Structure formats: structure tokens, C-alpha cells
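> just coords:
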């Protein structure tokens, strides 16, 4: 899957992306394919780039290994048993997300929060 296919499926209100390999998809606010189409918001006046908001996604069993995720808000997303190894996370917010049994190993973690999210 590439960014265009992800965006098309997201806009078609598909929310089940389980089993998908996200390693070739740029999930960051600098990716104009995402920024121009998916809802975005700036959390404060200091943000020069708005954050992309991804809501209600089923990302169970998805593979994010070696991915870079920058300025993304995940809200009410399911990462159950997702592969989250060797991740670079920068200014990412996980709000009300399920990360149970996810294989988590961060390469870099900068200004990332896990608000009301289960990690066990």
C-alpha cells in the first residue's frame, strides 16, 4: 500500500487496516498527500506544520516496523498486536488507543504522549 491508496481507503471511510504493511507510507505532517486530504489541526501557535488526525482506525496486526511517524494524532485507534519495532516517533499523540500486546521498540521517541492508552 502507498500513501494514495491509504488516503483513498481512509476517505472512503474504511477504518480496518489490520494486516497492512505501513513501512512504505510516510505518516507525517510534511507529507502533502496526507496533509492536503486528511483532517489536520495545529495544536498551538508554535506548530509551523499542522498535525494530521487519524481517528478510529483498526491497526491491529499492522506492521509499522522501521516507520517514521511525525506530527500525527492517533485518536481511538486499535494497535492490538501491531508490529511497532524500530520506530521513529516525533510529536505523536496516542489518545484513547489500544496498544495491548503490540511489539513495541522505539528507535527514537521525541515529544510523544500516550494519553488514556493501554500499553500492556
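Looks like it arrived, so ask away. Small disclaimer: the values here were computed from a predicted structure and weren't measured.

> give me the element the nearest residue to residue 11 once chain neighbours are set aside is part of.
Distances taken as CB to CB, 6 or more residues apart in numbering place residue 37 nearest to residue 11, at 6.6 Å, with adjacent residues excluded. Where C-beta positions appear, they are placed from N, C-alpha and C, glycine not excepted. Using DSSP states H and E, residue 37 maps to neither a helix nor a strand.

> the longest helix in this protein is where?
Across the chain, the helix with the greatest residue count (assigned by DSSP state H) is helix 3-11.

> For that one, give me every contacting residue.
Identification of contacts with helix 3-11 by CB atoms under 8 Å, 6 or more residues apart in numbering yields 17, 22, 25-26, 31, 33-34, 37-38, 54.

> ok, and for that helix, which residues are buried?
For helix 3-11, the neighbour count (16 or more other CB atoms under 10 Å) marks 3, 6-7, 10 as buried.
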